[in-house]
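Undergrad: prediction below, plus the sequence it came from.
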Amino acid sequence: MQASLPEAEMLPVSCGACGNRMALFFRARDYNRGVSQREFCYGRCLGCGLISLVNIPDDLERYYSPGYYLLPASERVIEQSLRHEQYKIELVRRFAKTGRLLEIGPSWGAFCLLAKRAGFSVEAIEMDRECCGFLTSKLGIKAIHSADEVASLAEVSPPDVIAMWHVIEHLRDPWPLLERATERLVPGGIMVVATPNPAAFQFGIIGRFWTHVDAPRHVHLIPIELMRAKLRALGLEELLLTTRDAGSLGWNAFGWAFSLANLTEIRMLKRVLRLIGRVTALLFSPIERREGAGSAYTAIFRKPVASR
Ligand SMILES: [Zn+2]
């Protein structure tokens with residue numbers, strides 16, 4: 001049990017979610033992109049199970065460039081991307097048909113464009129300058145360029161939908177954002193949060209090489225139960241919380257391909273391992289399709305119409 005870990009493995013930091021002590025969980029490098037050879041240390045909270053990067057680099061922004069945000073080079077690439085993200089708008093439209101939609105961290109805006117085409121009035125908050133330019137000039141979507149999402153929420157009209165697709169794990173302190181976003185939502189509005197699942201079957205097998213560790217860009221891996229507790233504590237009502245939605249299932253196959261490739265630095269071998277990963281994904285699919293075992297989860301919560 002973690003409670004009996006030797007003192008040497010306890011970390012001199014407390015959990016950002018619940019204040020409990022953190023134990024060393026694993027060490028990793030930037031296996032996904034190899035921006036540096038630095039070692040990153042992740043701790044796990046003995047209370048709520050939150051997994052957090054302990055030594056966040058001062059130059060974290062450096063790990064997002066170059067090439068982290070690939071702007072689509074043609075209309076054809078845009079339409080291809082939209083097909084891959086179609087599941088997102090279908091999911092949102094199960095719970096909200098129209099109104100104002102805010103996406104936080106849209107990259108160049110595939111989902112924003114789908115939402116716009118579906119009839120939503122769309123705004124975005126994005127930290128990458130070039131992506132903001134693309135959103136505004138090419139897609140006609142109002143985008144606030146900011147790395148301070150919490151402060152920027154004051155600048156947007158109160159949304160009916162706030163969407164954060166695989167964004168929250170990148171934030172140094174995600175809890176104030178959830179809190180402020182909840183305040184800004186109109187009563188009856190919905191919040192969509194998708195993020196990696198630290199209880200994933202894949203993570204248990206592959207450990208630090210798991211592509212969703214994505215050191216050091218992923219600062220936190222948030223357990224499903226912690227997400228549920230945090231959103232409920234904000235007064236939100238659960239509509240959906242699952243590892244089995246189309247998006248999360250898609251991350252399973254991606255995860256095997258890219259995690260196995262992380263086992264080597266030899267480019268040719270990476271290619272072979274990616275192919276093996278695709279077969280592995282098929283083999284483990286029956287396990288990973290079980291609720292709770294998938295690589296990612298999507299949470300959709302509603303702000304009650306009558307405040308408590
Ligand atoms: Zn905790």
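TA: Here it is on my side, so go on.
Undergrad: residue in the stretch 151-300 of the chain with the shortest distance to the ion?
TA: Residue of the stretch 151-300 of the chain nearest the ion, by C-beta to the ion: L226 (7.2 Å). Where C-beta positions appear, they are placed from N, C-alpha and C, glycine not excepted.
Undergrad: what helix or strand does that residue sit in?
TA: helix 224-233 (DSSP states H and E).
Undergrad: could I get the CA-only coordinates of that helix as CSV?
TA: Listed next in CSV are the C-alpha coordinates belonging to helix 224-233 (Å, rounded to 0.1, in the frame of the first residue of the first chain):
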residue,chain,number,x,y,z
ILE,A,224,-12.3,10.0,-12.9
GLU,A,225,-13.7,10.0,-9.3
LEU,A,226,-11.7,13.2,-8.5
MET,A,227,-13.1,14.9,-11.6
ARG,A,228,-16.6,13.8,-10.6
ALA,A,229,-16.1,15.1,-7.1
LYS,A,230,-14.7,18.5,-8.2
LEU,A,231,-17.5,19.1,-10.7
ARG,A,232,-20.2,18.0,-8.2
ALA,A,233,-18.7,20.3,-5.5
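Undergrad: run me through the strand neighbours of the following helix or strand past that helix, direction for each.
TA: Toward the C-terminal end, the helix or strand that comes next after helix 224-233 (DSSP H and E) is strand 237-242. Strand pairing for strand 237-242, determined by DSSP bridges: strand 296-302 (antiparallel).
Undergrad: export the partner strand as CSV, just CAs?
TA: The C-alpha coordinates for strand 296-302 follow below in CSV (Å, rounded to 0.1, in the frame of the first residue of the first chain):
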residue,chain,number,x,y,z
ALA,A,296,-9.4,8.8,-21.8
TYR,A,297,-12.8,9.9,-20.5
THR,A,298,-15.3,12.6,-21.3
ALA,A,299,-17.3,14.4,-18.6
ILE,A,300,-20.4,16.4,-19.4
PHE,A,301,-22.1,18.2,-16.5
ARG,A,302,-24.9,20.7,-16.4
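Undergrad: how far off centre is that strand?
TA: Put simply, strand 296-302 sits 11 Å off its chain's centre (C-alpha atoms, centre = their mean, to the nearest Å).
Undergrad: now it and helix 224-233, what's the angle there?
TA: Calculated by axes from the mean of the first three to the mean of the last three C-alpha atoms, to 10 degrees, strand 296-302 forms an angle of 10 degrees with helix 224-233.
Undergrad: kindly report the domain assignment for this protein.
TA: By the assignment in automatic domain parsing, the chain contains the domains 2-64, 75-207+223-302.
Undergrad: buried deepest among those domains, which one?
TA: Mean neighbours per residue, mean count of other C-beta atoms under 10 Å, is largest over those for domain 75-207+223-302, with a mean of 19.
Undergrad: can you give me the end-to-end distance of that domain?
TA: End-to-end distance for domain 75-207+223-302, by C-alpha to C-alpha, to the nearest Å: 35 Å.
Undergrad: stretch 12-19 too?
TA: End-to-end distance for stretch 12-19, by C-alpha to C-alpha: 12 Å.
Undergrad: for the helix ranked longest in the chain, packing partners?
TA: Counting by DSSP state H, the longest helix found in the chain is helix 267-288. If you count contacts as 3 or more C-beta pairs under 8 Å, 6 or more residues apart in numbering; DSSP states H and E, helix 267-288 packs onto helix 201-206, helix 246-261.
Undergrad: so how far is the last one from its chain's centroid?
TA: Which is helix 246-261. Helix 246-261 sits 14 Å away from the centroid of its parent chain (C-alpha atoms, centre = their mean).
Undergrad: got the contact list for the residue of the stretch 151-300 of the chain closest to the ion?
TA: When contacts are counted by C-beta atoms under 8 Å, 6 or more residues apart in numbering, L226 touches A17, C48, G49, L50.
Undergrad: switch those over to TSV; also include distance to L273, secondary structure and pLDDT.
TA: Output for the contacts of L226, formatted as TSV (distance: C-beta to C-beta, whole Å; DSSP: H, G, I helix; E, B strand; the rest coil; pLDDT from 0 to 100):
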residue	distance to L273	secondary structure	pLDDT
A17	34	coil	97
C48	34	coil	97
G49	30	coil	97
L50	30	coil	98
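Undergrad: can I get those in a markdown table with distance to A257?
TA: Below are these laid out as a markdown table (distance: C-beta to C-beta, whole Å):
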| residue | distance to A257 |
| --- | --- |
| A17 | 31 |
| C48 | 31 |
| G49 | 27 |
| L50 | 27 |
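Undergrad: pick the one among those closest to the ion.
TA: Using C-beta to the ion, these come closest to the ion at C48, 3.3 Å.
Undergrad: hmm, G19 and that closest one touching each other?
TA: No. With contact defined as C-beta atoms under 8 Å, C48 does not count as touching G19 (9.3 Å).
Undergrad: ok so, going back, just send the helices and strands packed on helix 267-288 back as JSON lines, with mean pLDDT too.
TA: JSON lines is the format used below for the helices and strands packed on helix 267-288 (pLDDT from 0 to 100):
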{"stretch": "helix 201-206", "mean pLDDT": "96"}
{"stretch": "helix 246-261", "mean pLDDT": "90"}
